[in-house]
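J.: Return a 3D structure for these sequence lines:
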Amino acid sequence: MTPWLHFSGGDYLIFKTWMPESKGAIAGACIALVAFCILERWIAALRRQMEIKWGSGIIRMIDGIEEGCSSLPTTPVTVPSRPRLVPPFILMHDITRGIFQAVQSLFSYVLMLAVMTFNASYIISIILGLALGEVLFGR
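T.: From the prediction side, this is the model:
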């Protein structure tokens, strides 16, 4: 491993069997890294969308509970309410949230290992791929 930025081949990329040496192989690895980064940004956008969907569902659920309570007779006792700071535990939401986090962590570590090769081609590809993915899915 060359411990400084370089454009030459011969670095192991993620797996022992994936060691691009020719310029064509390095270009192919760079294309794969760009695609991987775009996929990572897509997963992040999908996670954001799910969080928005879950949040609006919880708000509708709370509004429904409040509407149901408004038909009850009122009593003179008032109970001070505190705002809920933590969303309720909903098993399917939280399992899915955990899976999203695990996949995003996996992608981040794989990209970190690619950067740690000090191959400038890989680093540039990762930066461009993340930027392109953000342009495509960041809304």
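J.: for this structure, which helix is longest?
T.: helix 23-70 (DSSP state H).
J.: nearest spatial neighbour of the residue nearest the centre of the chain, skipping sequence neighbours?
T.: Nearest to the mean C-alpha position of the chain, by Cα atoms, centre = their mean, lies Ala44 at 3.2 Å. In space, and not counting its chain neighbours, Ala44 is closest to Gln104: 6.4 Å by Cβ to Cβ, 6 or more residues apart in numbering. From N, CA and C alone the C-beta is placed, and that goes for glycine too.
J.: residue contacts, the one you found?
T.: By Cβ atoms under 8 Å, 6 or more residues apart in numbering, the contact set of Gln104 is 40, 43-44, 47.
J.: can those go into a markdown table with extra columns for pLDDT and distance to Val135?
T.: Below are the contacts of Gln104 laid out as a markdown table (pLDDT from 0 to 100; distance: Cβ to Cβ, whole Å):
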| residue | pLDDT | distance to Val135 |
| --- | --- | --- |
| Glu40 | 96 | 14 |
| Ile43 | 96 | 16 |
| Ala44 | 95 | 13 |
| Arg47 | 93 | 18 |
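J.: ok, those residues vs Val115, which is closest?
T.: Glu40 (13.3 Å; Cβ to Cβ).
J.: So what's the residue count around the residue nearest to the closest one when sequence neighbours are not counted?
T.: With Cβ to Cβ, 6+ apart as the criterion, Glu40 has its nearest non-adjacent residue at 4.2 Å, and that residue is Phe107. Here the number of neighbours of Phe107 (other Cβ atoms under 10 Å) works out to 17.
J.: separation between Phe107 and Leu46?
T.: Distance, Phe107 to Leu46, using Cβ to Cβ, to the nearest Å: 12 Å.
J.: Okay then, goodbye and thanks.
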